[in-house]
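Visitor: fold the following and give me the result.
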Amino acid sequence: MRACRCAAVLVAAALLAGCASPARLFIHPRAEFIGTPADFGAAYEEVRMPRRDGGETRGWWLPNSASDAAVVLFGGNSGNRSHHLAYARIVWSAGFSVLMTEYQGFGPGGGEPSLSAFGPDGEAAVAWASGKSPRVGVWGISLGSAVALHAAAARPDIVKAACVEGSFRLAPAMRSYMAHVMPAVLAAPLAVLTRGVFIPGDSDPEGSVGGIAAPVFFIHGDRDHLTSTLWAGELFEGAPGPREFWLMGETGHAPEPLRSCDGEYQEQITRFFRRTLRGERQPQAGATWTARRVADGWEIDADVVCEGPFPAPVEISAVGDGETARERVWMSGPHDHVFICMASRPASVSARRWTRVEYAGATWRPDLTPVSKGYRWLRRANELTSEGRPPVAELLAANVDEVLGPAYTNALVEAGIAARDPADSRALFQRALDTAQEKPYYYILGDAVYYEPQSWSRAAVAEMLPGLYKLKALDPPGEKNRALPVPIGGK
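Guide: Numbering: from 1, shown residues only. Predicted structure coming up:
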């Protein structure tokens, strides 16, 4: 057994030595831009920012005269800054200046990517932004969450708020990622070697979060199979300053949160930055908790506090090892006790006040936009397809016409696909898929096409088309019904 481990370490070392850049095992940059901030009406300029290691960080600066606060945006491990325009649009439209940061090796003329450059890129970006705005916040998506937390810990004199989506603990994340792309016997030693040799010690979010006194807002999907909800919950509990956690239901990894709670997502992001960077009063909720062992698992006793006005829709979420649980309540006053049961020991418990809800008997549920409803139907189609079960019958039986009628076509328009005649859903959807293949910048209903369309989308939708055609009694698509693409935010 020991000989096998040694052999695995030697093979892993050889793999690393044979890589032109070990960074390319983890990051997948794109050289070409697929859009600019001008697509949603923002003026912008290309900027270059000096780094402490002698290099330079590039980015787009989107000034906004509505306030003197700025948000520095750090994207994920793929694409480039142009793939994160939808995020920039949210905070820019809310009146903030935005700095869209480009990592070394990303974008045109970006050079060779380097794992050791992410920290300096983050520090350079917030330092440059502080010369433009007296109040600076950071927003990190996926890999960018580590960069944002590092920048907030390294420059507490500058960063006054941090929002992180899809955050992770470095060591288990590396092991998990490598296990997806190579045999497990190689994944574990390669993760250890890469962590020790190529990644600076200050890059671990777990170490960064403990040094952040500024408010931190954690966002995570409860079905995120790329970065575990457990890791985000542990980081949340380790944050010493003001902290918030939003566990998004029926949602995977970025960019899914953009569509799964469309409207509420934008509202929660902008409310956080308006509160922390502008000093605006925004009612909040929070919880302290204890847990005790019971016969069938663990019982959580959450003491929930909430600011008025009342009644207030509050969601209490718990995260365990491979398990999440939630309870939704109407709070009629500032204090309440909520009990939640879990099979595994809870790692974190949080409470969040929602803004867009509808009554559902004694409780409430999210008031979903057509975009989010459509997204959740397609996610369900994906799950059924992966289980080998045809999704058409279930979707049609579940009154899917309520979603795929006018709301369905409106959702496509809102998501970035417009049609001359919205009556022909079949032609619209097929054209949306074709557009997604040709231009990844555009979004189709539910499936946020980020870099490449998801492989399941075309198959699942192709199976749905006959049912949609029959349901809507559509005529064969004609030229007048051809769907025309417009950028995100276009009309």
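Visitor: so where's the chain uncertain?
Guide: Counting by pLDDT under 70, the chain has low-confidence residues at 1-25, 177-178, 180-203, 370-371, 374-375, 377-491.
Visitor: did I read that right, residue 303 in a strand?
Guide: Yes. The assignment for residue 303 by DSSP: H, G, I helix; E, B strand; the rest coil puts it in a strand.
Visitor: got the phi and psi for residue 206?
Guide: Torsion angles at residue 206 (phi, psi; degrees, to the nearest 10) stand at phi -60, psi -40.
Visitor: got the contact list for it?
Guide: Residue 206 sits next to 169, 170, 234, 235, 238 when contact means C-beta atoms under 8 Å, 6 or more residues apart in numbering. (C-beta placed from N, C-alpha, C; glycine too.)
Visitor: now, those that are in helices?
Guide: Using DSSP state H, the members of those that fall within helices are 170, 234, 235, 238.
Visitor: show me the helices in the stretch 201-350 of the chain, by range?
Guide: Applying DSSP state H, counting those that start in this stretch to the stretch 201-350 of the chain gives helices spanning 205-209, 229-238, 257-260, 264-278.
Visitor: from the contact counts, what lies against the last one?
Guide: It refers to helix 264-278. When contacts are defined as 3 or more C-beta pairs under 8 Å, 6 or more residues apart in numbering; DSSP states H and E, helix 264-278 sits against strand 69-74, helix 85-93, strand 135-141, strand 159-165, strand 243-248.
Visitor: got CSV for the ones you listed, with distance to residue 127 too?
Guide: Below are these laid out as CSV (distance: least, C-beta to C-beta, whole Å):
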stretch, distance to residue 127
strand 69-74, 10
helix 85-93, 19
strand 135-141, 9
strand 159-165, 10
strand 243-248, 25
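Visitor: out of those, which gets nearest to residue 105?
Guide: Nearest to residue 105, of all these, is strand 69-74, at 14.4 Å by C-beta to C-beta.
Visitor: ok, then the element right after that closest one?
Guide: For strand 69-74, the following helix or strand on the C-terminal side (DSSP states H and E) is strand 78-79.
Visitor: the nearest residue to residue 268 once chain neighbours are set aside: neighbour count?
Guide: Leaving aside its sequence neighbours, residue 268 sits nearest to residue 246 (C-beta to C-beta, 6 or more residues apart in numbering; 6.2 Å). For residue 246, the neighbour count with other C-beta atoms under 10 Å is 24.
Visitor: also residue 85?
Guide: 25.
Visitor: domain parsing for this structure?
Guide: 2-278, 285-366, 370-485 (automatic domain parsing).
Visitor: from start to finish, how long is stretch 307-321 in a straight line?
Guide: Here the two ends of stretch 307-321 are set 31 Å apart, with distance taken as C-alpha to C-alpha, to the nearest Å.
Visitor: for that stretch, buried residues please.
Guide: For stretch 307-321, a neighbour-count test (16 or more other C-beta atoms under 10 Å) marks 312, 313, 314, 315, 316, 317, 318, 319, 320 as buried.
Visitor: likewise for stretch 84-98?
Guide: Neighbour-count burial for stretch 84-98 flags 84-94, 96-98 (criterion: 16+ other C-beta under 10 Å).
Visitor: please report how far the spatially closest residue to residue 309 that is not a sequence neighbour lies from residue 242.
Guide: Of all residues not flanking residue 309 in the chain, residue 283 sits nearest, at 7.2 Å (C-beta to C-beta, 6+ apart). Look at residue 283 and residue 242: by C-beta to C-beta, to the nearest Å, they are 15 Å apart.
Visitor: tally up the residues packed near residue 256, please.
Guide: 23.
Visitor: with residue 66 instead?
Guide: Using other C-beta under 10 Å, the number of residues around residue 66 comes to 12.
Visitor: for it, which non-adjacent residue is spatially closest?
Guide: Residue 66 sits nearest to residue 95 (C-beta to C-beta, 6+ apart), 3.4 Å away.
Visitor: what sits against that neighbour?
Guide: 64, 66, 67.
Visitor: show me what the one helix or strand residue 365 maps to is packed against.
Guide: For residue 365, the element it lies in under DSSP H and E is strand 363-366. For strand 363-366, the elements it packs on are strand 323-331, strand 357-360, judged by 3+ C-beta pairs under 8 Å, 6+ apart.
Visitor: so which of these is the most packed in?
Guide: With neighbours defined as mean count of other C-beta atoms under 10 Å, the helices and strands packed on strand 363-366 peak in mean count at strand 323-331, which reaches a mean of 19.
Visitor: what's next to that one, contact-wise?
Guide: 222, 229, 247, 249, 285, 304, 306, 310-318, 336, 338-344, 362-365.
Visitor: swap the cut-off to 7 Å and go again
Guide: With contact meaning C-beta atoms under 7 Å, 6 or more residues apart in numbering, strand 323-331 is reached by 222, 229, 247, 249, 304, 306, 310-318, 336, 338, 340, 342-344, 363-364.
Visitor: swap in stretch 104-111?
Guide: The contact list for stretch 104-111, computed with C-beta under 7 Å, 6+ apart, reads 23, 29, 31-33, 55, 58, 80-81, 102, 112-114, 117, 121.
Visitor: show me the contacts for residue 359.
Guide: Neighbours of residue 359 in contact, by C-beta under 7 Å, 6+ apart: none.
Visitor: I should have written residue 48 there, sorry.
Guide: For residue 48, the contact set (C-beta under 7 Å, 6+ apart) comprises 56, 58.
Visitor: and the helix or strand harbouring it, what's buried?
Guide: Using DSSP H and E, the element containing residue 48 is strand 45-50. For strand 45-50, the neighbour count (16+ other C-beta under 10 Å) marks 47, 49 as buried.
Visitor: that one pairs with which strands?
Guide: strand 56-62 (antiparallel) (DSSP bridges).
Visitor: tilt between the strand it pairs with and strand 69-74?
Guide: With axes from the mean of the first three to the mean of the last three C-alpha atoms, to 10 degrees applied, the angle from strand 56-62 to strand 69-74 works out at 130 degrees.
Visitor: show residues contacting strand 56-62.
Guide: For strand 56-62, the external contacting residues (C-beta under 7 Å, 6+ apart) are 37, 42, 44-51, 81, 88, 92, 97-102, 107, 121, 124-125.
Visitor: just to check, residue 122 is in contact with residue 74?
Guide: Yes. Using C-beta atoms under 7 Å, residue 122 is in contact with residue 74, at 6.4 Å.
Visitor: list residues touching both of those two?
Guide: Shared contacts of residue 122 and residue 74, counting by C-beta under 7 Å, 6+ apart, come down to 147, 148.
Visitor: need the buried residues of stretch 84-98 in a markdown table (columns: distance to residue 372).
Guide: Shown next, in a markdown table, are the buried residues of stretch 84-98 (distance: C-beta to C-beta, whole Å):
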| residue | distance to residue 372 |
| --- | --- |
| 84 | 20 |
| 85 | 20 |
| 86 | 15 |
| 87 | 17 |
| 88 | 21 |
| 89 | 17 |
| 90 | 15 |
| 91 | 20 |
| 92 | 22 |
| 93 | 18 |
| 94 | 19 |
| 96 | 24 |
| 97 | 28 |
| 98 | 24 |
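Visitor: how about these, which pair is most distant?
Guide: Maximum pairwise distance among the buried residues of stretch 84-98 (C-beta to C-beta): 17.4 Å, between 86 and 97.
Visitor: report the contact partners of residue 316.
Guide: 287, 302, 304, 326, 327, 338, 340, 349, 351.
Visitor: mind giving me the ChimeraX command for buried ones among the residues you listed?
Guide: A single ChimeraX command selects the buried members of the contacts of residue 316 (16+ other C-beta under 10 Å):
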select :287,302,304,327,338,340,349,351
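Visitor: between the contacts of residue 316, which sits nearest residue 139?
Guide: Distance ranking of these against residue 139, using C-beta to C-beta, places residue 351 first at 22.1 Å.
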